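Q: With the input below, show me the fold.
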Amino acid sequence: MWRRSYRLAGPLLGLSAVCLLITAVPLELWPTPRPGDSYVFNPPPFSAIWVQRTLRPGLIITANALLLVGLGTVLRRDSASMSRLQRVLAFSALVGAGACLLGTLLFTTAGTNDIGRELTALLILALAIPLIILGLVGWGTGYLRADSTRLGAALTVPPVLAVAYIGLSIAGIDFSPVGRLLLIIPTSGMALVVGYDLWTDNTIANDR
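A: Modelled structure (predicted):
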């Protein structure tokens, strides 16, 4: 019974990947009006300003929530076969993902002049990101050592690329306008691979 519920989390992670990929579409490809045009109070749906104000925040929150559910399902499925250290690192990654979701919610719902709410959100995100990176790398490394290459690489590669991107950006290398893609596409790939792993879990048949 539990294995069947694990499998259902696979499509949720696929939906998370789709949400993330939509946010990666450059605003220049959406119809006008675009950011920088004269101020528009009620932008039409699917215009660039509407996408920036409404669609992207909603998709990011949805993607984060679905990713949290999916990763939590993987931890619940594999917890018994993990080492104590790997479980701790996996739990740390989930705590970081939950904090990231909270910070995103606070930031996107903050008013125009709600500086306190925005600073709180940024502080939460600053604390969440190291937990996510260290947790995912350690979690994925545990799978790699157990010869689960696909799942291990899916969890390990995105945070490593994120660290490389942040480090090179601090060093002064400008990745614009493709910088967002370097973060979003690997994360979407992780969601797809982990979702596929849950969907094709061979142990489901043993519980029927």
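Q: which regions of the chain sit below the pLDDT cut-off?
A: For the chain, applying pLDDT under 70 flags the ranges 1-4, 37-38, 40, 174-177, 202-208.
Q: Now the lengthiest helix in the chain: buried residues?
A: Secondary structure assigned by DSSP state H gives helix 115-145 as the longest helix of the chain. In terms of neighbour count (16 or more other C-beta atoms under 10 Å), helix 115-145 has its buried residues at 120-121, 124-125, 128-129, 131-143. Just so you know, the C-beta spots here come from the backbone N, C-alpha and C atoms, and that holds for glycine as well.
Q: Could you tell me how far residue 79 is located from residue 142?
A: According to C-beta to C-beta, to the nearest Å, residue 79 stands 11 Å off from residue 142.
Q: Would you state the helices of the chain in chain order?
A: For the chain, applying DSSP H gives helices covering 2-23, 48-50, 56-78, 84-108, 115-145, 149-170, 179-199.
Q: So what touches the fourth one?
A: If I follow you right, that is helix 84-108. Outside helix 84-108, the residues within contact range by C-beta atoms under 8 Å, 6 or more residues apart in numbering are 57, 60-61, 64-65, 67-68, 71-72, 74-75, 79, 82, 117-118, 120-125, 127-139, 142.
Q: Could I get the contacting residues of the residue minimising distance to the centre of the chain?
A: In the chain, the centroid-proximal residue (C-alpha atoms, centre = their mean) is residue 64; its distance is 5.0 Å. Going by C-beta under 8 Å, 6+ apart, residue 64 touches 16, 97, 100, 101, 104.
Q: what do you get for residue 11?
A: Residue 11 is in contact with 195, 199, counting by C-beta under 8 Å, 6+ apart.
Q: Could you check how many residues crowd around residue 68?
A: Using other C-beta atoms under 10 Å, residue 68 has 18 neighbouring residues.
Q: and the gap between the nearest residue to it once chain neighbours are set aside and residue 118?
A: Spatial nearest neighbour of residue 68, chain neighbours left out: residue 97 (4.7 Å); criterion: C-beta to C-beta, 6 or more residues apart in numbering. According to C-beta to C-beta, residue 97 stands 21 Å off from residue 118.
Q: Could you do residue 35 as well?
A: As judged by C-beta to C-beta, residue 35 and residue 118 stand 19 Å apart.
Q: can you check residue 26 too?
A: Distance, residue 26 to residue 118, using C-beta to C-beta: 25 Å.
Q: Same check on residue 95?
A: Residue 95 sits 22 Å away from residue 118, taking C-beta to C-beta as the criterion.
Q: Kindly report the same for residue 141.
A: Distance of residue 141 to residue 118, given as C-beta to C-beta: 35 Å.
Q: Give the burial count for the closest residue to residue 74 other than its chain neighbours, as a bare number.
A: Using C-beta to C-beta, 6+ apart and skipping residues adjacent in sequence, the residue nearest residue 74 is residue 194, 6.1 Å away. Counted with other C-beta under 10 Å, the neighbours of residue 194 add up to 25.
Q: With residue 66 instead?
A: Residue 66, neighbours per other C-beta under 10 Å, totals 23.
Q: I figured residue 66 was touching residue 13, is that so?
A: Yes. Residue 66 lies in contact with residue 13 (C-beta atoms under 8 Å); the separation is 6.5 Å.
Q: what sits in contact with each of the two?
A: Here residue 66 and residue 13 have residue 191 as joint contacts, going by C-beta under 8 Å, 6+ apart.
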